[in-house]
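K.L.:
When you get a sec, could you give me coordinates for this:
(one chain, ligands or ions: 1)
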Amino acid sequence: DDDNQQKIDYMYKIIVIGDSAVGKTQTLSRFVKNEFCFDSKSTIGVEFQTRTITINDKVIKAQIWDTAGQERYRAVTSAYYRGALGAMLVYDITKRQSFDNIARWVDEILTHADKSIVIMLIGNKADLSDRREVPTEDAVEYAQQKGLFFSETSALKGDNVESAFFKVLEEIYGVVS
Ligand code: GDP
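P.N.:
Below you'll find the predicted structure:
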């Protein structure tokens, strides 16, 4: 919950995007509530969640948006991207197709969002490494090519989720302040 009387210095809109079922909602709730819900999808209608953090003594409220399933029909509206300063672009390391679609999502982001948006490519479900279909090196190379940050995460275990969000928020802070 956001601390009641806290003065907010900055409010950053962050979007979470990528194919359906890659773990966008779980990644978000891991960061916001430190929770993983095994039987979720009660997110319909919920547009965003917030978490307030401090960087360099500045209080930053991250407003993190979830697609609420719109991506299933490639019907993510331009309103979703509008004003976003950061994007968590998620694929599933056990689903090659979700990585192959990343280029389309990057195009989509760059079409609709501000050109200075900070993008973090996230290979989620790193706990399922025995079923891996996307080598880490492929993603590293792609991220370098496109100028994206990159991290492999497990929303289930919590690995690297916090650091990936902090990286984006710190980068935005550096960009806008
Ligand atoms: P979304 O459609 O992209 O929002 O995906 P969800 O967050 O709803 O997750 C889709 C499925 O993947 C659900 O069954 C989750 O429990 C599962 N899932 C999400 N993140 C992870 C993870 O890090 N590891 C594993 N093993 N499963 C995950």
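
K.L.:
Residues of the chain that sit close to the ligand?
P.N.:
Residues of the chain that fall close to the ligand, judged by CB under 6 Å from any ligand atom: 20-26, 38, 40-41, 124-125, 127-128, 154-156. Glycine gets a C-beta too; all of them are placed from N, C-alpha and C.

K.L.:
In strands, which of those residues appear?
P.N.:
Residues from the residues of the chain next to the ligand lying in strands, with DSSP state E as the criterion: Asn124.

K.L.:
Which parts of the protein are strands?
P.N.:
The residue ranges that make up the strands of the chain, judged by DSSP E, are 10-18, 48-55, 58-65, 86-92, 118-124, 149-152.

K.L.:
Show me what the helix or strand of the chain with the lowest mean pLDDT is in contact with.
P.N.:
When the helices and strands of the chain are scored by mean pLDDT, DSSP states H and E, helix 78-81 comes last with a mean of 90. Here helix 78-81 makes contact (CB atoms under 8 Å, 6 or more residues apart in numbering) with Ile15, Trp65, Thr67, Gln70, Glu108, Ile109, His112, Ala113.

K.L.:
for Leu89, what are its contacts?
P.N.:
Contacts for Leu89 (CB under 8 Å, 6+ apart) come out as Ile17, Gly18, Ile102, Trp105, Val106, Ile109, Ile119, Met120, Leu121, Ile122, Leu148.

K.L.:
how many neighbours does Leu85 have?
P.N.:
The number of residues packed near Leu85 is 24, by other CB atoms under 10 Å.

K.L.:
mind listing what it touches?
P.N.:
By CB under 8 Å, 6+ apart, the contact list for Leu85 reads Tyr12, Lys13, Ile14, Asp114, Ser116, Ile117, Val118, Ile172, Val175, Val176.

K.L.:
try 7 Å
P.N.:
Shown in contact with Leu85 (CB atoms under 7 Å, 6 or more residues apart in numbering): Tyr12, Lys13, Ile14, Ile117, Val118, Ile172, Val176.

K.L.:
any weak-confidence spans in this protein?
P.N.:
For the chain, applying pLDDT under 70 flags the ranges 1-5, 39-46, 175-177.
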